[in-house]
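*Asks:* Quick one, fold the following:
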Amino acid sequence: MTIALVFLALLLLLFTGLPIFAGLALFGGAVQYLTQGELGTVTEVIFGELNRYLLVAIPLFAFMAQVMIRGRIVDDLYNTAYTLTRHLPGGLGIATIAACTIFAAISGSSVATALTIGAVAIPQMIRYGYDPKAAYGLVAAGGTLGILIPPSGPMVLYGVTTDTSIGGLFMAGVVPGLLMAGVFIAFTMVHTAVAHRHIAREPRATLREAAAAIRKSVWALSLPVFVLGGMYAGVFTATEAAGAGALLALFVGVAIYRSLGWRAVWDSAIDACRVSAMLFMILAGASVFGHVLTKLRIPQQIVETVIAADIGVTGFLIVMMALILVLGMFLESIAIILITTPVILPAMHHLGINPIWYGILLTINLELAQITPPVGMNLFTIKATTRAPMADIVRGAAPYVALMVLVLALVMIWPEIALWLPGTMRDR
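*Replies:* Numbering: from 1, shown residues only. From the prediction side, this is the model:
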């Protein structure tokens, strides 16, 4: 009963429009004062949560993404993808998914991926005769890859919250991310062949054209290879990878593309600071909330409930995925991670659930939250980019919801899809 009352009160507070960090901190502080009669430990809890070396990765990855976005590399990525896929059914749609996949490995953000790729791809797809609803849905769904294919801001927060290897989480997201992209591409090819037969297919690119296109975007393609390859080989940790990636991105934008001036670099740093400050404030509020939950013994009560129900690992995961799917319709991904994870972590340990595996299942479910109304951020991003009716965007994204649920089920049934690659990497 206590559990239900606490979460109901918190959700009602967040639904008032109060910022997430303020809602978590104020609610946690109020409960702390009512139950303990003091607030003295709150500052110690916040400092202890934020005083972590791993959190340095967040502003560095954010800076890397901002530099690459301002460096105007997206056109090259998209043109390269289209050159290589234009002879296939739905070649333009396939190029859009491919560009989203590559850009996801740079930006680490679903919204940034949908916004940046959508600005280039949606007008092109409509011009070539694609149904606008299909174009909207394709970009909205492709953008969700931004938080599954590393680097990923939500994965960093989950790793910090659960004390799980961020490098392991990043590697675990690669195969499911590529699987998701492959499922999207297969659907696009079939859907185009059936529903868009009128769209002309262009001739296959010659070897010279393909080589020229790849050469033009080689530096952009090298960045995710450098970051992920370095972590996989054990050359550097996730935090060091963020620093090395930011430095390489700066070098590419300034020295290779020559599209970044000092003003653009400064603006990139400012935007990275804004994003990082927002995440850190939410993390601070969540630390207060998590501290209060521990004081109220709510995690222990959940463990006792799971033991008494005897639902097993599969039952527990199905219940949690259903709960997160519902929460994702109303709350932001970061809030879901920081509200639910500290509560269920003891139950996960009791059931022997691998935290990296659960982290990937959670991330896929959070991807679903990006394209499910009423608070699907990618839906609103496409709306802002195109000014299209929201009903059309939701209809276009609907088939991809089913495809993402399919991938979620596959990773739940076969954990090796997520755990194989991190199991082969060298630790550092």
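*Asks:* got the contact list for residue 50?
*Replies:* Residue 50 sits next to 280, 283, 284, 287 when contact means CB atoms under 8 Å, 6 or more residues apart in numbering. From N, CA and C alone the C-beta is placed, and that goes for glycine too.
*Asks:* quick one: secondary structure of the third one?
*Replies:* This means residue 284. Secondary structure assignment for residue 284 (DSSP: H, G, I helix; E, B strand; the rest coil): helix.
*Asks:* those helices in the stretch 101-250 of the chain, which residues are they?
*Replies:* Along the stretch 101-250 of the chain, counting by DSSP state H, counting those that start in this stretch, helices occupy 110-127, 132-143, 153-162, 166-195, 207-216, 218-232, 238-251.
*Asks:* Go through those and pick out the most buried.
*Replies:* Most buried of those, by mean neighbour count (mean count of other CB atoms under 10 Å): helix 132-143, with a mean of 27.
*Asks:* Next up, the contacts around the most centrally placed residue in the chain.
*Replies:* Centroid-nearest residue in the chain: residue 147, 1.6 Å away (criterion: CA atoms, centre = their mean). For residue 147, the contacting residues are 104, 108, 109, 110, 153, 154, 155, 333, 363, 366, 367, 370, by CB under 8 Å, 6+ apart.
*Asks:* excluding its backbone neighbours, what's nearest the third one?
*Replies:* Of all residues beyond its chain neighbours, the one nearest residue 109 is residue 146 (4.9 Å), with distances taken as CB to CB, 6 or more residues apart in numbering.
*Asks:* The last one now?
*Replies:* The shortest distance from residue 370 to any non-neighbouring residue, by CB to CB, 6+ apart, is to residue 378 (4.3 Å).
*Asks:* That neighbour: neighbouring residues, count only.
*Replies:* 29 (other CB atoms under 10 Å).
*Asks:* Confirm for me that it is in contact with residue 117.
*Replies:* No - taking contacts as CB atoms under 8 Å, residue 378 lies outside contact range of residue 117: 11.0 Å.
*Asks:* Show me whatever sits in contact with both of these two.
*Replies:* Listed as contacting both residue 378 and residue 117 by CB under 8 Å, 6+ apart are residue 143.
*Asks:* how many degrees apart are the strand or helix carrying the residue nearest to residue 370 and helix 132-143 in direction?
*Replies:* Secondary structure assignment for residue 378, by DSSP states H and E: helix 377-386. Helix 377-386 and helix 132-143 meet at an angle of 130 degrees, taking axes from the mean of the first three to the mean of the last three CA atoms, to 10 degrees as the criterion.
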